[in-house]
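Colleague: Next comes the sequence, and after it the predicted model I'd like to discuss.
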There are 4 protein chains.
Amino acid sequence: MISYNMDENNTLKIFTEYQKYMEDFEGDRERIKSSVREIEIPLRHLSSVLLGVHKNADPQSIKKTCEEVNKLLQQFIECEVRNLSCLVPLGQYFRFHDLFRHSIQRIVFVVALLHYFENETLINREETAKLLNLDLSWEDGFYLNLDDYLLGILQLTNELSRLCVNLVIAGDYERPLRIARFISELDAAFRLLNLKNDSLRKKFDGLKYDLKKCEEVVYDLSIRGLKTLASKK
Amino acid sequence: MISYNMDENNTLKIFTEYQKYMEDFEGDRERIKSSVREIEIPLRHLSSVLLGVHKNADPQSIKKTCEEVNKLLQQFIECEVRNLSCLVPLGQYFRFHDLFRHSIQRIVFVVALLHYFENETLINREETAKLLNLDLSWEDGFYLNLDDYLLGILQLTNELSRLCVNLVIAGDYERPLRIARFISELDAAFRLLNLKNDSLRKKFDGLKYDLKKCEEVVYDLSIRGLKTLASKK
Amino acid sequence: MISYNMDENNTLKIFTEYQKYMEDFEGDRERIKSSVREIEIPLRHLSSVLLGVHKNADPQSIKKTCEEVNKLLQQFIECEVRNLSCLVPLGQYFRFHDLFRHSIQRIVFVVALLHYFENETLINREETAKLLNLDLSWEDGFYLNLDDYLLGILQLTNELSRLCVNLVIAGDYERPLRIARFISELDAAFRLLNLKNDSLRKKFDGLKYDLKKCEEVVYDLSIRGLKTLASKK
Amino acid sequence: MISYNMDENNTLKIFTEYQKYMEDFEGDRERIKSSVREIEIPLRHLSSVLLGVHKNADPQSIKKTCEEVNKLLQQFIECEVRNLSCLVPLGQYFRFHDLFRHSIQRIVFVVALLHYFENETLINREETAKLLNLDLSWEDGFYLNLDDYLLGILQLTNELSRLCVNLVIAGDYERPLRIARFISELDAAFRLLNLKNDSLRKKFDGLKYDLKKCEEVVYDLSIRGLKTLASKK
């Protein structure tokens, strides 16, 4: 009878420890969540400034927008991204991945769109990780997950196809051709991947509509003789 | 123009590497999935032998069943569990957690039920981890997650409440009293935890029905004066 | 025994009071519901008259439509809106909010569309509240909730993007440009808000399709040289 | 053109204010949510201690349990409940009601069960509100909503019907009769209410099972002649 009661107390003692353990975990979780919330506001600002290119789509304005984004981005990486990456302990990356994956994807999108405007090429995962001060492998800590990188890249095509339309409005008949070619290459590249029936596959399905839209713009330019004009320039 | 095509080839080359990376990851995934499938058959056998207690609920039969399960369990831990734990690399535990968590919970259930029959106490997480050759912290590798441990324990009460009924059928009027008390203690212990609205909370809601069932068995024994008999022994 | 029955009667007496209390509450609820129903008919009429602009999209017709709506709106605000706002007691606004929020959002939409036609600017919450004789803070009574204002505004873009198409049909190549710019500004403004994953976020997701539609109309005008014509006027 | 750009800036400025307003609201919300979380742990402890009566159902133990709960409750009301009630501003009670209603209902349950053990009567809403330092009308601030009171009371019957079983186990054949009568009165009282098809109606549907269970216990006692024995005592 005595030993029995002792064990009961023991069970309660152990469960009190479990409760403490759960609270600690919940604390970590809350800290990461709150850091992700803090990232959201400047990130939205960054992408809002960058998407200003739709409104002012002439080369000078695009260049100026990129310069502004570049400055904001530097600080954003050094403060907010760094802050988040410090909060996720080595080895628990995948435990908390769901909390920050969407933010990371959006950051990749911003970086990739900026890089495209500056170089008209695709920024690869290695370059993106380096720019963001992230690791390349989960073994080293807070790293740039391949899926997150690819999902960020897939957000690119939607804005670029929309930009084609706005470029024509701004009288630029040349850049839409290059965008169409870029998206066509991206399409070919993604087709190399054996995508499973997941979010990556679903987002990739959207890419073909963006490609189609761009091709229609190029077609409109061609049929009106505006494409030849542009190419000759 | 030339530089342009070079970049295109570069993108394709990089995506070919991404595809290789994805295949490697998919390979890891498949190996773990297949190891989990291999665990399932002996695990189902183990739990099937152990649940034989419902059919032969007298003390001798229960003792014999436990001895048999103990032998099977030794081999199962040394082969199947060991095999799985080797497949999950340090630091990727949470990446693949969804693949094996249900198996681990079921193993915890088997171990905890066996331990209960042998000791009439609750095996704690530390003891369970030691028995299964698992670590106690994610930092050390393949570890026994607290949630998985608790979800395994919650499978216990359902079988024990069913056993109460079968014990009475087998003429054992004493053990149901002890089981009712054990579940009542477990109930008190779980009430210490601040369960969020997740799978743990849902499973815990089932415990109170198991407890009620046990109390009703004890009630039936009491009202017929069979409880007093048992207590006097 | 006697004291026992007295208490029973007491419980029944108290529950009879609870029933009365519930009936009173239900009465308030029904009165508000019925007032909302009474609002619906003239509101549908108002928005139907205003949406006549799709059919007759020339400047004169739009102006005439606005004059007609203005007259109807005056009476609507003085009777129906006033009536509803009197029914909701100070301090119970949020208790009954679900009953009238959709009507308020629709009224905001009508007022904002009318204001846009007359001024080509966005009516802000303060102006809207003043026009509707609503308060600006819940502390003062029946007030214009920020979410309701914003959800009303988001109904605007859908009609304006549709109007772009109808304006071109009516031979107006200028106004679609201004509408596209207006929606683009609205898009930038909403991007400043930290929208949670709620109805506001969902409705805002629709805005980008409306913006895209407008841009495509402007694109069609540009590529056919009709935009330049319009700009020169 | 200049006036146009000014208006654009104005819109952005106004939306920045809206964003600030939203953040303030979100801040209030978070503070209340966090206060509710702080309530949860001592509340779970309180109800866990009180439910100890199932395990030790003799009169002395019940009395001792009540004394312990009474002490804990005093402090709980003065700290946690007071804390929460201060956070909800007058007039915004219904705006945040969803955040704290479940906690309030659970507190009502604890208070009502304690009161039942001490008086064998139903605590009414007025007494409950007084005990908890809550107001009786929404006009005065943080008040005890009638629905919350009734939903808390309905949690009572489930525990009392379970207690009937455990009382018989503990050899108390008298109290189950009184509990059956109490639940029967509660059933009659709730039948006076015109419940709509909501959560109250659903929970009330559970009461009839609890009543049935109690009646079965009384029946078991009667048929074995244990009821008469009890009544004669």
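Modeller: It's in.
Colleague: now the longest helix anywhere in chain A: how far from the chain's centre is it?
Modeller: For chain A, the longest helix by residue count, based on DSSP state H, is helix A:2-50. The chain centroid and the centroid of helix A:2-50 are separated by 27 Å under C-alpha atoms, centre = their mean, to the nearest Å.
Colleague: how about low-confidence regions in chain A?
Modeller: A:1-8, A:228-233 (pLDDT under 70).
Colleague: can I see the domain layout of it?
Modeller: As recorded under automatic domain parsing, the domains making up chain A are A:1-144, A:155-233.
Colleague: can I get these in a markdown table with mean neighbour count?
Modeller: For every residue, glycine as well, the C-beta is placed using N, CA and C. As requested, the domains of chain A are exported to a markdown table (neighbours: other C-beta atoms under 10 Å in any protein chain shown):
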| stretch | mean neighbour count |
| --- | --- |
| domain A:1-144 | 17 |
| domain A:155-233 | 18 |
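Colleague: just checking, A:Leu122 is part of a strand?
Modeller: No - counting by DSSP: H, G, I helix; E, B strand; the rest coil, A:Leu122 is located in no strand; its state is coil.
Colleague: Against chain C, how distant is it?
Modeller: 24 Å (C-beta to the nearest C-beta, to the nearest Å).
Colleague: from what I can see that residue touches A:Tyr116, true?
Modeller: Yes - contact criterion C-beta atoms under 8 Å: A:Leu122 and A:Tyr116 qualify, at 7.2 Å.
Colleague: From the contact counts, what lies against the longest helix of chain A?
Modeller: Contact analysis of helix A:2-50 by 3 or more C-beta pairs under 8 Å, 6 or more residues apart in numbering or on different chains; DSSP states H and E lists helix A:59-76, helix A:82-87, helix A:93-119, helix B:146-169, helix B:175-191, helix C:175-191 as its packing neighbours.
Colleague: Can you dump the C-alpha atoms of the last one in CSV for me?
Modeller: Pointing back at helix C:175-191 there. Extracted in CSV, the C-alpha atoms of helix C:175-191 (Å, rounded to 0.1, in the frame of the first residue of the first chain):
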residue,chain,number,x,y,z
ARG,C,175,-11.0,56.4,-68.1
PRO,C,176,-9.7,52.7,-68.1
LEU,C,177,-6.2,54.1,-67.7
ARG,C,178,-7.2,56.1,-64.7
ILE,C,179,-9.1,53.2,-63.2
ALA,C,180,-6.0,50.9,-63.6
ARG,C,181,-3.9,53.5,-61.8
PHE,C,182,-6.5,53.8,-59.0
ILE,C,183,-6.6,50.1,-58.4
SER,C,184,-2.9,49.9,-58.5
GLU,C,185,-2.7,52.5,-55.8
LEU,C,186,-5.3,50.6,-53.8
ASP,C,187,-3.2,47.5,-54.2
ALA,C,188,-0.2,49.3,-52.8
ALA,C,189,-2.2,50.7,-49.9
PHE,C,190,-3.6,47.3,-48.9
ARG,C,191,-0.1,45.8,-49.1
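Colleague: Could you name the helices and strands sitting against it?
Modeller: In terms of contacts (3+ C-beta pairs under 8 Å, 6+ apart), helix C:175-191 is packed against helix A:2-50, helix C:146-169, helix C:199-223, helix C:226-232, helix D:2-50.
Colleague: Show me how far the helix or strand containing A:Thr128 is from its chain's centre.
Modeller: Secondary-structure assignment from DSSP states H and E places A:Thr128 in helix A:125-132. On the basis of C-alpha atoms, centre = their mean, helix A:125-132 is displaced by 12 Å from the centre of the chain it belongs to.
Colleague: what angle sits between that helix and helix A:146-169?
Modeller: Here helix A:125-132 runs at an angle of 90 degrees relative to helix A:146-169 (axes from the mean of the first three to the mean of the last three C-alpha atoms, to 10 degrees).
Colleague: Name the residues that touch helix A:125-132?
Modeller: A:77, A:81, A:107-108, A:111-112, A:115, A:123, A:134-136, A:143-144, A:146, A:149, A:152, B:14, B:18 (C-beta atoms under 8 Å, 6 or more residues apart in numbering or on different chains).
Colleague: roughly how far apart are the residue nearest to A:Asp187 when sequence neighbours are not counted and A:Arg181?
Modeller: Of all residues not flanking A:Asp187 in the chain, A:Leu211 sits nearest, at 5.4 Å (C-beta to C-beta, 6 or more residues apart in numbering or on different chains). According to C-beta to C-beta, to the nearest Å, A:Leu211 and A:Arg181 sit 10 Å apart.
Colleague: And for A:Lys202?
Modeller: Look at A:Lys202 and A:Arg181: by C-beta to C-beta, they are 25 Å apart.
Colleague: Repeat that for A:Ser161.
Modeller: 13 Å.
Colleague: Pull the contacting residues for the residue nearest to A:Asp187.
Modeller: Listed by C-beta under 8 Å, 6+ apart, the contact partners of A:Leu211 are A:Thr157, A:Ser161, A:Ala180, A:Ile183, A:Ser184, A:Asp187.
Colleague: Quick check, the third one in contact with A:Cys164.
Modeller: In other words, A:Ala180. Yes - A:Ala180 is in contact with A:Cys164 according to C-beta under 8 Å; the separation is 7.0 Å.
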